[in-house]
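Asker: model this:
(one chain, ligands or ions: 1)
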Amino acid sequence: MSVFPQLRLRRLRRTEPLRALIRENRVDIGDMVYPMFAVEGKGIKEEIASMPGVYRFSPDRLPPEIEEIAGLGIPAVLLFGIPEHKDEAGSSAYHPEGVIPQAIRAIKRSVPELIVITDVCLCEYTSHGHCGVITDGRVDNDRTLPLLARMALSHVAAGADIVAPSDMMDGRVKAIREALDSESFQHIPILSYAAKYASAFYGPFREAAGSAPQFGDRRSYQMDPPNVREALREVEQDINEGADIVMVKPALAYLDVIRRVRDTFNYPVAAYNVSGEYAMVKAAVQQGWLEEKRIVMEILAAIKRAGADIILTYHAKDVARWLKST
Ligand code: PBG
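Answerer: Here you go, the predicted model:
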C-alpha cells in the first residue's frame, strides 16, 4: 500500500479536466422532476411568497411554461392541484373535470412526450386539510383507500403517465394498482412516496397548496423523523403492493434513509428535495449569504451520492440552465 510521499491524493485534483475524469456522481437533468402547482380558474399565474420563482398556474396558463420546461431538457413534471371547492371528503380530488385532469390535458396538448406525474393525496382537497377522510375525529385509513383509487383513475384517464400517492395510508398502493388494472391501465407505473416523514420542511408547500391541517397534525400517518428501520418496512410494504419506484421525502435531512433504501432494494429510488429545503436556500441567497449555483449543485450531488436515481426539485429549471451554460 502506498503512503505519502509516494501517495498524493491531490494529484487527481489539480485541474478541472482531471477532477471531471474521476468524478463519481453527476447531476443530470435527465433525472430531474419539476414539481408544479395547478390552480383552478383562468388566467392565473401567481408567485408563492415563500418559494420565490415558483408559481401557481391555472390550466390555461400552463402551456408556455411547459414548453419552456421541455425546452430545457427536463423530462418530467409532478402536478399538485389546488381546487376551488374543498369539502369533508375531498370530492374535487376525483372529479373527472377537476383541476388536475384539466391541467394534464393542457400539458399533453402542448408537449405530449413530457412525462406527467400526479400527486395522489386528499389534503389539498379536504376542508380539514388531512390526507384522508375523518371518522370520529380520526383519519380513517380504509375509507380513504377507494377515494385515492378514484383520484388516481381520474388522473390516468386524463392522460397522466405515472401516479404518485403521497398520503401515507396503509394499503394505498395495492388499492391504486387494483383500480388501475381493472380499468386496463396495467401499463401505468406507481411512484410511491414510500418513506414520507412528518416534516417541518413542508411548511412552504402548505402555504402554496393551502393544505395545512385545520386540527391536529400528520403524525398519525407520516413517519417519525428519528426512524430508519421503519422506513425500510414502509418501502418493503409498498414494493409488495406493487410500487414501481419508491421515494424518500424529504431529501437533505434524510440522506442516510436514501442510502439504506438504495442498498436494500433493487428498485428505482426517488428523493424529494422539498419546499422547505428550497425556501432555506432561496432565503439565504437573497440575503447574499450563500452562492446559489454552488449550493444547489452541492445539495443535488449529495442526494445523488446518497443513492437517488431520480430527484424531484423546485431548482430543476435553474439547474438545467446552469448545466447548459457550462
Ligand atoms: C401532500 C404532499 C405534501 C408534499 C407533497 N405532497 C405536503 C404534506 O404532506 O404536508 C410536500 C412537498 C414539499 O414540501 O415540497 N400530502
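Asker: got the residue ranges for the strands in the protein?
Answerer: Shown for the chain, the strands assigned by DSSP state E span residues 32-39, 45-48, 51-57, 76-82, 115-120, 134-135, 138-139, 162-165, 191-196, 245-249, 269-273, 310-313.
Asker: To Glu97, which of the ones you listed lies closest?
Answerer: Closest to Glu97 of the strands of the chain is strand 76-82 (C-beta to C-beta; 12.0 Å). Glycine gets a C-beta too; all of them are placed from N, C-alpha and C.
Asker: Now tell me what touches that closest one from outside.
Answerer: Strand 76-82 has contacts (C-beta atoms under 8 Å, 6 or more residues apart in numbering) with 32-40, 56, 66, 69, 92-93, 98-100, 103-104, 107, 114-119, 124-125, 160-162, 164, 208-210, 312.
Asker: With stretch 21-31 instead?
Answerer: With C-beta under 8 Å, 6+ apart as the criterion, stretch 21-31 contacts 12, 72-75, 297, 300-301, 304-305, 308-311, 316, 319-320, 323.
Asker: buried residues in that stretch?
Answerer: Buried residues in stretch 21-31, defined by neighbour count with 16 or more other C-beta atoms under 10 Å: Val27, Ile29, Asp31.
Asker: Can you select the buried ones among the contacts of stretch 21-31 for me in ChimeraX?
Answerer: One line in ChimeraX is enough to select the buried ones among the contacts of stretch 21-31; burial here means 16+ other C-beta under 10 Å:
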select :72,74,75,297,300,304,308,310,311,316,319,320,323
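Asker: Of the contacts of stretch 21-31, which belong to helices?
Answerer: Met297, Leu300, Ala301, Lys304, Arg305, Ala316, Val319, Ala320, Leu323 (DSSP state H).
Asker: if we can go back for a sec, what's the closest of the buried residues of stretch 21-31 to the ligand?
Answerer: Asp31 (17.6 Å; C-beta to the nearest ligand atom).
Asker: and the longest helix for the protein?
Answerer: The chain, longest helix under DSSP H: helix 141-158.
Asker: sorry, back to before: do you know which of the strands of the chain lies nearest Pro226?
Answerer: Pro226 sits nearest to strand 191-196 of all those, at 12.9 Å, using C-beta to C-beta.
Asker: now the ones in helices among the contacts of stretch 21-31 as JSON lines including distance to Ala194?
Answerer: Below are these laid out as JSON lines (distance: C-beta to C-beta, whole Å):
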{"residue": "Met297", "distance to Ala194": "27"}
{"residue": "Leu300", "distance to Ala194": "21"}
{"residue": "Ala301", "distance to Ala194": "23"}
{"residue": "Lys304", "distance to Ala194": "19"}
{"residue": "Arg305", "distance to Ala194": "20"}
{"residue": "Ala316", "distance to Ala194": "22"}
{"residue": "Val319", "distance to Ala194": "25"}
{"residue": "Ala320", "distance to Ala194": "27"}
{"residue": "Leu323", "distance to Ala194": "29"}
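Asker: Out of the residues you listed, which two sit at the greatest distance?
Answerer: Arg305 and Ala320 (20.4 Å).
Asker: how many neighbours does whichever residue of the stretch 101-250 of the chain sits closest to the ligand have?
Answerer: Nearest residue of the stretch 101-250 of the chain to the ligand: Phe205, at 3.2 Å (C-beta to the nearest ligand atom). By other C-beta atoms under 10 Å, the residues close to Phe205 number 25.
Asker: all numbers from here: first residue = 235
Answerer: With the count now opening at 235, the last piece we talked about shows up as Phe439.
Asker: re the thing from before, restrict the contacts of strand 310-316 to those near the ligand?
Answerer: Among the contacts of strand 310-316, proximity to the ligand is found for Asp353 (C-beta under 6 Å from any ligand atom).
Asker: out of the contacts of strand 310-316, which are buried?
Answerer: For those, buried by 16+ other C-beta under 10 Å: 266-274, 290, 300, 303, 326-327, 332-334, 337-338, 341, 348, 350-353, 358-359, 394-396, 398, 442-443, 546.
Asker: Now Leu387. Nearest residue, chain neighbours left out?
Answerer: Ala413 (5.4 Å; C-beta to C-beta, 6 or more residues apart in numbering).
Asker: ok, the one you found - contacts?
Answerer: Ala383, Arg384, Ala386, Leu387.
Asker: can you tell me which two in these are farthest apart?
Answerer: Greatest spatial distance among the contacts of Ala413 (C-beta to C-beta): Arg384 and Ala386, at 7.4 Å.
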